[in-house]
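> pasted the sequence and its predicted model underneath.
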Amino acid sequence: MKIYNTLTKRKEEFRPLNDNKVTIYACGPTVYDFFHVGNARVFITFDVVRNYLKYRGYEVKFVQNFTDIDDKMIKRANEEGVTVKELGDRFIEEYFKDADALNIKRADVHPRATEHIQDIIEFIKVLIEKGYAYEVEGDVYFAARKFPGYGKLSGQNLEELEAGARVEPGEKKKDPVDFALWKAKKPGEPSWPSPWGEGRPGWHIECSVMAVKHLGETIDIHGGGPDLIFPHHENEVAQSEAATGKPFARFFMHVGYLNINNEKMSKSLGNFFTVREILKEYDPEVLRFFMLSSHYRSPINFSRELMEQSKSALERLYNALYAMEHLQNAAPERPLNGEEEEYLKKQLENKNKLIDSMDDDFNTAGAIAVLFDMIREFNVSLNENSSREAVRKTKEMVLELGGVLGFFSKFQPLLLDEEIERKIKEREEARKAKNYALADKIRDELRARGIILEDTPAGVRWKRV
Ligand SMILES: Nc1ncnc2c1ncn2[C@@H]1O[C@H](COP(=O)(O)OP(=O)(O)OP(=O)(O)O)[C@@H](O)[C@H]1O
Ligand SMILES: [Zn+2]
């Protein structure tokens, strides 16, 4: 399987460092607000990467951190009159609500920066001892020039970096390319005691420390959004490799930008939609489908039109699944005939095509196209006279492969006619009792299971999609 590696700027054959165990660290959110659709692209991408590696038989350990202390956290906490800890607790909880809704599975570890202060201090001490870091009046900086590989991830040399670097007011670094590992306390800021006085960690050091602590000195895959290549990941590489003397991450995966009107969706530009807002209007799987319809490295433009297209495409997939479910009940139980054997062989080829797409740097767009091929093949080949087994196998294949992409979480086995009639009666009673909320709920539940109700003058009729 091949993965595009930002370190080498090409697709490379991927093999884990240790047998079939894969370690992944993805940079998580700064928890000062709800996350937006641009952030969600990163979370959904790594969810699929992880699912797929597991599907291919790897044992995956996945870590995604929460940045719960930085300038943005402090500013927002002050604005809202809460502590930084309270703000972090609140938005971590909100993160999980949205992530759960989007069917993004929990990481094996979700470390918080503030719970690793002692580890961070120890790590900085090592960097100072090894001569890579220095203290100035309570701040500690990393001396970028001391690390020979500085710039290798973002592909810049020191002159270029120097031209782009600046010393912010209040910074006491000796060289503009250096960066802070520890920041001396300013009035009104949360702080922790350290050998350099009261202060707090810089952003980059958190991730180096939490990655090494939870996954080891060399990790297989490290990733995040495109804006993290420089300086965040460049600095992580420098710190980690300077401290351990080992390669930090073997593969760097960076997701493309999610844009809106061809501009990066971002909190600072104010052109963002939170996932929370979007989920008021769309099913979470529609958002996931929209994301996975493009390759994870291509920029994508978020628009209502594309969301609508995703909605109807996803509906087509669900409808096909319900059609299979229906046929499975109707079709006769008998051994496969020759034609059906041929048909299943073709479907198996489709499955392999899907795996090839995913093996090619997680080409989810290609994988989705194959799901539609499978459905087309089913539609032209099987009918109510086909063997039940042929239908069942197709359905199971589509469910399994779609499941790897995180789809079909709402698929439920077909309701029997009696169950449907019973639910319709319950709905009628709810309507008579003017409990319209319950009546609508029952109708929606049936809809989600592929049953459409029609209120006619002669009573309620129902049909399967
Ligand atoms: N428009 C976007 N497209 C793709 N990834 C993004 C986008 N915006 C942010 N990310 C990524 O989302 C992840 C979470 O980052 P974080 O919470 O720090 O975002 P943020 O800095 O608050 O967002 P913003 O850039 O909007 O201010 C990071 O990996 C970041 O690179
Ligand atoms: Zn990070």
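Cool, the structure landed. Ligands and ions are numbered 1, 2, ... in the order given.
> next one, pLDDT for Ala330 please.
Looking at Ala330, its pLDDT is 88.
> Ile205 now?
Predicted confidence (pLDDT) for Ile205: 98.
> how is the protein carved up into domains?
2-255, 304-405, 417-464 (the TED database).
> so for ligand 2, which of the ones you listed sits nearest?
When these are compared by CB to the ion, domain 2-255 sits nearest ligand 2, at 3.1 Å. For every residue, glycine as well, the C-beta is placed using N, CA and C.
> tell me if that closest one is near ligand 1.
Yes. Using CB under 6 Å from any ligand atom, domain 2-255 reaches ligand 1 at 27, 29-30, 38-39, 41-42, 224-225, 227-228, 255.
> could those residues go into a markdown table alongside neighbour count, secondary structure and pLDDT?
Supplementary listing: these in a markdown table, determined by neighbours: other CB atoms under 10 Å; DSSP: H, G, I helix; E, B strand; the rest coil; pLDDT from 0 to 100:
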| residue | neighbour count | secondary structure | pLDDT |
| --- | --- | --- | --- |
| Cys27 | 23 | coil | 98 |
| Pro29 | 22 | coil | 96 |
| Thr30 | 23 | strand | 96 |
| Gly38 | 24 | helix | 97 |
| Asn39 | 25 | helix | 97 |
| Arg41 | 25 | helix | 98 |
| Val42 | 26 | helix | 98 |
| Gly224 | 23 | strand | 98 |
| Gly225 | 21 | coil | 96 |
| Asp227 | 13 | helix | 95 |
| Leu228 | 22 | helix | 97 |
| Val255 | 25 | coil | 98 |
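> these also near ligand 2: which ones?
When CB under 5 Å from the ion is applied, the members of the residues of domain 2-255 next to ligand 1 adjacent to ligand 2 are Cys27.
> between the residues of domain 2-255 next to ligand 1, which is closest to Leu279?
Closest approach to Leu279 among the residues of domain 2-255 next to ligand 1 (CB to CB): Asn39, at 14.0 Å.
> go ahead and confirm that closest one touches Gly28.
No. Checked against CB atoms under 8 Å, the pair Asn39 and Gly28 is beyond contact range at 9.0 Å.
> just to revisit the earlier point, of the domains of the chain, flag the one that's most buried.
domain 2-255 (a mean of 19; mean count of other CB atoms under 10 Å).
> ends of that domain, what's the gap?
Using CA to CA, to the nearest Å, the end-to-end distance of domain 2-255 comes to 16 Å.
> centre of the chain to that domain, how far?
What separates the centre of domain 2-255 from the centre of its chain is 17 Å, taken as CA atoms, centre = their mean, to the nearest Å.
> ditto for stretch 424-440
39 Å.
> equivalent analysis for stretch 412-422, please.
35 Å.
> can you list contacts of it?
The contact list for stretch 412-422 (CB atoms under 8 Å, 6 or more residues apart in numbering) reads 322, 325-326, 328-329, 423, 446, 448-451, 462, 464.
> over to stretch 53-65?
Taking CB under 8 Å, 6+ apart as the rule, stretch 53-65 contacts 1, 16, 20-28, 43, 46, 50, 107-113, 206-207, 210-211, 214-215, 404.
> inside strands: which ones of those residues?
Among the contacts of stretch 53-65, the ones falling in strands (DSSP state E) are 21-26.
> ok, which pair from these is furthest apart?
Once CB to CB is applied, the ones in strands among the contacts of stretch 53-65 give Lys21 and Ala26 as the farthest pair, at 17.0 Å.
> now the residue of the stretch 151-300 of the chain at minimum distance from ligand 1. Nearest residue, chain neighbours left out?
Across the stretch 151-300 of the chain, no residue is closer to ligand 1 than Gly225, which sits at 1.9 Å (CB to the nearest ligand atom). Of all residues not flanking Gly225 in the chain, Val42 sits nearest, at 5.0 Å (CB to CB, 6 or more residues apart in numbering).
> how about Pro176?
Nearest one to Pro176, counting by CB to CB, 6+ apart, is Ala165 at 3.8 Å.
> my read: that neighbour touches Glu159, true?
No. Assessed by CB under 8 Å, Ala165 is found out of contact with Glu159, at 10.6 Å.
> secondary structure and distance to Asn65 added to the contacts of stretch 412-422, as JSON lines?
Shown next, in JSON lines, are these (DSSP: H, G, I helix; E, B strand; the rest coil; distance: CB to CB, whole Å):
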{"residue": "Tyr322", "secondary structure": "helix", "distance to Asn65": "40"}
{"residue": "Glu325", "secondary structure": "helix", "distance to Asn65": "41"}
{"residue": "His326", "secondary structure": "helix", "distance to Asn65": "45"}
{"residue": "Gln328", "secondary structure": "helix", "distance to Asn65": "44"}
{"residue": "Asn329", "secondary structure": "helix", "distance to Asn65": "47"}
{"residue": "Lys423", "secondary structure": "helix", "distance to Asn65": "45"}
{"residue": "Leu446", "secondary structure": "helix", "distance to Asn65": "42"}
{"residue": "Ala448", "secondary structure": "helix", "distance to Asn65": "35"}
{"residue": "Arg449", "secondary structure": "coil", "distance to Asn65": "38"}
{"residue": "Gly450", "secondary structure": "coil", "distance to Asn65": "40"}
{"residue": "Ile451", "secondary structure": "strand", "distance to Asn65": "43"}
{"residue": "Trp462", "secondary structure": "strand", "distance to Asn65": "49"}
{"residue": "Arg464", "secondary structure": "strand", "distance to Asn65": "46"}
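> JSON lines please, covering those residues and showing distance to Leu287.
Conversion of the contacts of stretch 412-422 to JSON lines gives the following (distance: CB to CB, whole Å):
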{"residue": "Tyr322", "distance to Leu287": "22"}
{"residue": "Glu325", "distance to Leu287": "25"}
{"residue": "His326", "distance to Leu287": "28"}
{"residue": "Gln328", "distance to Leu287": "30"}
{"residue": "Asn329", "distance to Leu287": "32"}
{"residue": "Lys423", "distance to Leu287": "29"}
{"residue": "Leu446", "distance to Leu287": "24"}
{"residue": "Ala448", "distance to Leu287": "17"}
{"residue": "Arg449", "distance to Leu287": "21"}
{"residue": "Gly450", "distance to Leu287": "22"}
{"residue": "Ile451", "distance to Leu287": "25"}
{"residue": "Trp462", "distance to Leu287": "29"}
{"residue": "Arg464", "distance to Leu287": "27"}
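> now the two most distant members of the residues you listed.
Using CB to CB, the contacts of stretch 412-422 span at most 20.9 Å, a distance reached by Gln328 and Lys423.
> if we can go back for a sec, would you reformat the ones in strands among the contacts of stretch 53-65 as TSV and include distance to Leu269 and pLDDT?
Converted to TSV, the ones in strands among the contacts of stretch 53-65 look like this (distance: CB to CB, whole Å; pLDDT from 0 to 100):
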residue	distance to Leu269	pLDDT
Lys21	40	98
Val22	35	98
Thr23	34	98
Ile24	29	98
Tyr25	27	98
Ala26	23	98
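> what is the nearest of those residues to ligand 1?
Closest to ligand 1, out of all of these and judged by CB to the nearest ligand atom, is Ala26, at 7.4 Å.
> before we move on, back to that, ok, the residue nearest to Gly225 touching Tyr257?
No. Using CB under 8 Å, Val42 makes no contact with Tyr257, being 10.5 Å away.
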